[in-house]
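Asks: task: produce atomic coordinates for the following.
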Amino acid sequence: MAYTVQGVGTTFYGKRDFRADGTYVTTEWAVLFHIPVLPMQSLRVRALGVGRSPSEPGLAPAPLYQVYEKTSPNWKQVVCVYAYVVFIFYWVIFFPEHFNRYTKGLDDTLRATQRTHHHGHDMPTRDPRAHREHLLPPDLPVD
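Replies: Numbers count the residues shown, from 1 in each chain. As a prediction, the model looks like this:
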């Protein structure tokens with residue numbers, strides 16, 4: 001069964017080909033820092049819950065499985081896991097830089113738009129008495 005120490009070892013990633021009996025196919029991966037590197041084998045399993053297998057060392061509880069079948073890696077699942085890793089890698093590494101560039105461009109556009117509106121006749125004035133006439137009734141004099 002899969003076993004990792006400090007993120008290095010083997011683990012199961014992926015679930016597919018579910019059956020009515022509650023079994024599904026998962027793939028055992030060689031991992032480095034919890035990142036799947038190499039698919040080892042695929043297994044049809046049923047999850048039994050979380051616990052500790054007496055045959056495996058370690059103190060942390062881990063998922064327990066009943067294995068029904070072992071096969072070579074399921075390549076559809078392998079491609080999906082690699083695609084997921086690439087997607088997460090993009091979001092963690094590349095997206096912040098693209099987001100900063102995009103929002104910087106929006107900030108520049110917003111500032112330019114605000115400058116354009118303030119140079120027209122709707123420009124706010126600093127004189128508190130200016131444009132007071134429209135707030136007073138027509139029969140009252142203005143200072």
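Asks: helix, strand, or coil at A2?
Replies: Of the three states, A2 takes coil under DSSP: H, G, I helix; E, B strand; the rest coil.
Asks: do you know the pLDDT at it?
Replies: The predicted local distance difference test score for A2 is 74.
Asks: contacting residues for it?
Replies: For A2, the contact set (CB atoms under 8 Å, 6 or more residues apart in numbering) comprises G9, T10, T11, F12, E28. Just so you know, the C-beta spots here come from the backbone N, C-alpha and C atoms, and that holds for glycine as well.
Asks: the same query, at a cut-off of 10 Å, please.
Replies: Applying CB atoms under 10 Å, 6 or more residues apart in numbering, we find A2 in contact with 9-13, 26, 28-31, 40, 43, 56, 62-63, 65.
Asks: what's the neighbour count on W29?
Replies: W29 is flanked by 24 other residues according to other CB atoms under 10 Å.
Asks: quick one on the thing from earlier: what's the closest of the contacts of A2 to G49?
Replies: Nearest to G49 out of those is P63 (CB to CB; 7.5 Å).
Asks: my read is that that closest one contacts R46, right?
Replies: No - when contacts are counted by CB atoms under 10 Å, P63 is not listed as touching R46 (11.1 Å).
Asks: out of the contacts of A2, which end up buried?
Replies: Of the members of these, the ones counted as buried by neighbours, 16 or more other CB atoms under 10 Å, are T10, T11, F12, Y13, T26, E28, W29, V31, L43, A62, P63, Y65.
Asks: could you list the low-pLDDT ranges of the chain?
Replies: 52-60, 105-143 (pLDDT under 70).
Asks: longest strand of it?
Replies: Assignment by DSSP state E gives strand 35-51 as the longest strand of the chain.
Asks: now the angle between strand 35-51 and whichever helix or strand comes after that one, please.
Replies: Counting by DSSP states H and E, the element after strand 35-51 in chain order, helix or strand, is strand 62-71. Computed by axes from the mean of the first three to the mean of the last three CA atoms, to 10 degrees, the angle separating strand 62-71 from strand 35-51 equals 120 degrees.
Asks: done for today, thanks.
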